[in-house]
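Peer 1: Sequence plus the predicted model coming up.
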Amino acid sequence: MKKQPITVKVASWSALHPGRAILGWFVFVALCLVIGGAVGTVDAGDKDYWVGEAGHAESIATEGNLQHKSAERIMITDPSGAAPGAAARSAAEDVASRMKQLPEVQSVAAPVRSANGKMLMVEVTMKGLRLEAQQHIQPLLDQTAEVQKKHPDVKVEESGDASVEMGLDKSRDDDLSSSEMITFPITLITLLVVFGSLIMVGVPLLLAVSSIGAAMGLSQLISHLVPDAGVGKSVILLIGMAVGVDYTLFYLKREREERALAGGRLSPEALVGIAAATSGRAIAVSGLAVALSTATLFLATDIVFTSLAVATIVVVLVAVLSSMTALPALLVVIGRRLDRKSARAAERGKKVKRHKSEETGRMWSALLRPARTRPAATLLISVLVMVGLAAPAFGMHLRVLNLATQSRQIPELKTYDRLNDAFPDLLAEHWVMVRDNNPGEKAAVQSALKDLAAKAQADPMFSKKPPKLETTADGRISVMTLSVPYNLSSSQAHDSLKELRQTYLPQTLGKVPGADFGVSGPVAQDADYLAHQNDKLPIVVGFLLLLTFILTLFVFGSATIAALGVLLNLLSVGASFGLVVVFFQWGLASTVFGFEDSATHAIGSRVPLFLFVILFGLSMDYQVFVVSRIKEAALRGVPTRQAVIDGIGHSAKVVTSAAVVMVTVFASFMFLHLAEMKQIGFSLAVAVLLDAFIIRVMILPAALMLLGNASWWPSRKMRRAQEHAAPAPAGGAPSPHPAAQLYR
């Protein structure tokens, strides 16, 4: 007997022991949640984000314990708009007194009046590293609230690194909750349309939600090996809901199709065996392809992409596991229930209702007709459309989406803007960090720093505010803070960084023998991060293209299919990128969706690389499912042209249903506050639509029809099958699958 694939072996056990399999799955989910909750999440630290010159500069400051500390600014204004008076000064004194008593506070500066004279500001420097400050910010916020209660005649607000980040995290959590409220009802309706049964609808949702829960717990555990950059939950929900429902959907539809073909002649266990050997195998292959494709993000050597990769891989593999274990067991339980119901109906003399065999349907027959009747014209026109959609991508402008580009609907950012309007010197800073490796040059280093400060103050790109200088007790390491009165993302801020690095530093510290120096700060970190990504992009993309080709070649044994898959995926991704540029960089999203300008006019620096990898993985989903059906028919001896029609005809409805679910999930992320999530959600949604309705229905069948038997080159097995090709069975219905024998 032919050796069974692992998917059939696992499904066999689950089908024969459904109670144990279902219980085992939910015990696994519970353990993941309990263990994950017990160990907690390890968040990425400052060092995890170091790249380029900014990272080197941070290492210098860290050696001298002169890292930039998190600062909170308490703003006091008169509600009438008048200049702060005695009440404001009293509130400022109260703030300073309270903050000095907190163990989380390192120092409190004297109150400073804004240039327009309408705001008093008290700066509070916190202890510890910047990324750790958010964990200790609540006592400061509580004291600010108490001061506001005690001084109702003035307005007291707080803004700073930690409080703004807390506001962004809260907005992100609220957005995810809102996304769930949108996603679940639409997914439920879609599944009801597909299956027409609440029981069958509950299965995909149950497994998707439980898979997400298990992935959340596992990701917490894995964070102790690979720290989380704060993006894990969003990605697990985004990808988990989509693939969790889709994988279950593909399996369910195949089981129902085989049930209809069997007409009651096969047991639920046998039907599950067929589904496991066909769709189950395709799910396992697809999940592995998505996981391996996503793993190329590790080559970016960036903590954010590493977190994205870990979250995606974990949730995809868990979704595959659920479809291989719990799903077959659930289907057997449901199948037995249906059989008992049919038996009781037969005993009472009632006509037993059987599921009808899947038909392609009028709509899909019409959509497939151009590829079937005029493949050359269909291929040419479809490719030209996709290339036209992709063209704007060549003008894509990337930038790091920082605080300046986030939604102004977030309350903390409105406060942040009021602070910066009053104190523009706080908008951006450059941190010059220098280490004297020659003990005899300390005086020369200090002289060079003074010269640097003078040059900066004389330059209109820098603030007139005197630079702040900190030096270690031994004088070996120094940090100078230069303020820039321009927005973080502005050209002026980046020009000042360029001037500093390329002109002023070589003219000053660059002339001191043994001086090791660099520039960090928000602007420098953004610039270096973008440069780092641009350097890694060709490496990741190159490996991804090679890996996709090898995986497809391994699965289908055809170099032609593998090369075609890579080209089709590139078309899908390119068209998606082009539409992102049109809607976000060109600003059409503001007109059509009413998005804020802060979410448009530039593409987030992380968006293209993440999307490229994820879209390649998701495109492999459809490629595997569709081509697997075509290959099944071709191996039975159905001529390639007819196999293409049959395979796509049998998979059209399920691919469409899966696409609708994915588009629903992804599109819901367009309405989150965070600009990057808007762009990612939009890109994924349009890419899935294009992939399902143009790539898989127009381009793929047209190309395979034109290629004919060359589609399978160099597969000898397929060549032998096609040499003995016979007309397809009526209606393209497949003959009984060998897996049906497993349970007889």
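Peer 2: On my side now, so go ahead.

Peer 1: first vs last residue of stretch 493-511, how far apart are they?
Peer 2: This stretch, stretch 493-511, spans 25 Å end to end (C-alpha to C-alpha, to the nearest Å).

Peer 1: Over to stretch 399-414?
Peer 2: End-to-end distance for stretch 399-414: 22 Å, by C-alpha to C-alpha.

Peer 1: Can you tell me what sits against that stretch?
Peer 2: 159, 163-164, 166-168, 171, 416-417, 487-490, 522, 526, 529-530, 596, 598-599, 602-605, 673-676 (C-beta atoms under 8 Å, 6 or more residues apart in numbering). For the C-beta atoms, the positions are set from N, CA and C on the backbone; glycine is no exception.

Peer 1: ok, now with 7 Å
Peer 2: With contact meaning C-beta atoms under 7 Å, 6 or more residues apart in numbering, stretch 399-414 is reached by 159, 163-164, 167-168, 171, 416-417, 487-489, 522, 526, 529-530, 596, 598-599, 602, 604-605, 673-676.

Peer 1: filter the residues you listed to the buried ones?
Peer 2: 159, 163-164, 167-168, 171, 416, 487-489, 522, 526, 529-530, 596, 598-599, 602, 604-605, 673-676 (16 or more other C-beta atoms under 10 Å).

Peer 1: Looking at those, which are in helices?
Peer 2: In helices, judged by DSSP state H, the following of those are found: 163-164, 167-168, 171, 416, 522, 526, 529-530, 675-676.

Peer 1: shaky segments in this protein?
Peer 2: For the chain, applying pLDDT under 70 flags the ranges 1-3, 176, 179-180, 194-197, 345-361, 363-364, 405, 407, 591-600, 724-744.

Peer 1: Tell me which helix or strand the residue minimising distance to the centre of it sits in.
Peer 2: Closest residue to the average C-alpha location of the chain: Val235 at 4.6 Å, with C-alpha atoms, centre = their mean. Val235 is located in helix 232-262, with elements delineated by DSSP states H and E.

Peer 1: what angle sits between the next helix or strand after that helix and helix 232-262?
Peer 2: Next along the chain after helix 232-262, taking DSSP H and E as the criterion, comes helix 268-275. Relative orientation of helix 268-275 versus helix 232-262 (axes from the mean of the first three to the mean of the last three C-alpha atoms, to 10 degrees): 120 degrees.

Peer 1: on contacts alone, who are the packing partners of helix 268-275?
Peer 2: helix 6-16, helix 232-262, helix 326-347 (3 or more C-beta pairs under 7 Å, 6 or more residues apart in numbering; DSSP states H and E).

Peer 1: which of these is buried the deepest?
Peer 2: Of all these, helix 232-262 has the most neighbours on average by mean count of other C-beta atoms under 10 Å, namely a mean of 25.

Peer 1: Measure how that one sits relative to helix 6-16, angle-wise.
Peer 2: Computed with the same axes, to 10 degrees, the direction of helix 232-262 lies at 80 degrees from that of helix 6-16.

Peer 1: Summarise which helices and strands helix 232-262 is packed against.
Peer 2: Where contact means 3+ C-beta pairs under 7 Å, 6+ apart, helix 232-262 is packed against helix 161-195, helix 198-222, helix 268-275, helix 281-295, helix 303-324, helix 326-347, helix 640-668.

Peer 1: hmm, which two among the ones in helices among the buried ones among the contacts of stretch 399-414 are most spread apart?
Peer 2: Farthest apart among these by C-beta to C-beta are Ser163 and Leu530. That separation is 26.5 Å.

Peer 1: domain assignment for the protein?
Peer 2: Following automatic domain parsing, one finds the domains of the chain at 1-39+197-347, 67-166, 360-395+538-732, 411-520.

Peer 1: Can you say which of the ones you listed is nearest to Leu188?
Peer 2: domain 1-39+197-347 (6.3 Å).

Peer 1: In contact with Gln525, which residues?
Peer 2: Residues in contact with Gln525 (C-beta under 7 Å, 6+ apart) are Ala54.

Peer 1: would you turn the domains of the chain into a markdown table with distance to Trp50?
Peer 2: Output for the domains of the chain, formatted as a markdown table (distance: least, C-beta to C-beta, whole Å):
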| stretch | distance to Trp50 |
| --- | --- |
| domain 1-39+197-347 | 9 |
| domain 67-166 | 11 |
| domain 360-395+538-732 | 17 |
| domain 411-520 | 9 |
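
Peer 1: looking at those domains, which is closest to Gly55?
Peer 2: Across the domains of the chain, closest to Gly55 is domain 411-520 (C-beta to C-beta), at 7.7 Å.

Peer 1: Would you map the strands across the stretch 551-700 of the chain?
Peer 2: Ranges of strands in the stretch 551-700 of the chain, per DSSP state E, counting those that start in this stretch, are 603-604.

Peer 1: give me every residue that touches Pro328.
Peer 2: By C-beta under 7 Å, 6+ apart, the neighbours of Pro328 are 11, 14-15, 272, 276.

Peer 1: Ramachandran coordinates for Thr77?
Peer 2: phi -130, psi 160 (degrees, to the nearest 10).

Peer 1: Show me what it bridges to in the sheet.
Peer 2: Listed by DSSP bridges, the beta-bridge partners for Thr77 are Lys155.

Peer 1: and it, how many neighbours?
Peer 2: Per other C-beta atoms under 10 Å, the neighbour tally for Thr77 reads 22.

Peer 1: and it, what does it touch?
Peer 2: Thr77 neighbours (C-beta under 7 Å, 6+ apart): 84, 118-119, 154-155.

Peer 1: Can you give me the separation between it and Ile137?
Peer 2: Using C-beta to C-beta, to the nearest Å, Thr77 is found at 22 Å from Ile137.

Peer 1: Can you tell me the SS state at the nearest residue to Ser70 once chain neighbours are set aside?
Peer 2: By the measure of C-beta to C-beta, 6 or more residues apart in numbering, the closest residue to Ser70 outside its immediate chain neighbours is Ala133, 3.5 Å from it. Following DSSP: H, G, I helix; E, B strand; the rest coil, Ala133 is assigned to helix.

Peer 1: so Ala133 touches Val164, yeah?
Peer 2: No: judged on C-beta atoms under 7 Å, Ala133 makes no contact with Val164 at a distance of 10.8 Å.

Peer 1: which residues does Val624 contact?
Peer 2: 282, 285-286, 289, 555 are the contacts of Val624 under C-beta under 7 Å, 6+ apart.

Peer 1: For those, which PyMOL command selects only the ones that are buried?
Peer 2: A single PyMOL command suffices to select whichever of those are buried according to 16+ other C-beta under 10 Å:
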select buried, resi 282+285+286+289+555
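
Peer 1: out of the contacts of Val624, which one sits closest to Ala343?
Peer 2: Ala282 (32.3 Å).

Peer 1: just to revisit the earlier point, who wins on neighbours among the contacts of Thr77?
Peer 2: Met119 (24 neighbours).

Peer 1: Not counting its neighbours along the chain, what's nearest it?
Peer 2: Ala422 (4.3 Å).

Peer 1: check contacts around the one you found.
Peer 2: Applying C-beta under 7 Å, 6+ apart, the residues near Ala422 are 114, 116, 119.

Peer 1: Kindly recompute the last result at 8 Å.
Peer 2: So Ala422 contacts 75, 114-116, 118-119, 121 (C-beta under 8 Å, 6+ apart).

Peer 1: cool, and Arg641?
Peer 2: With contact taken as C-beta under 8 Å, 6+ apart, Arg641 is in contact with 705, 708.
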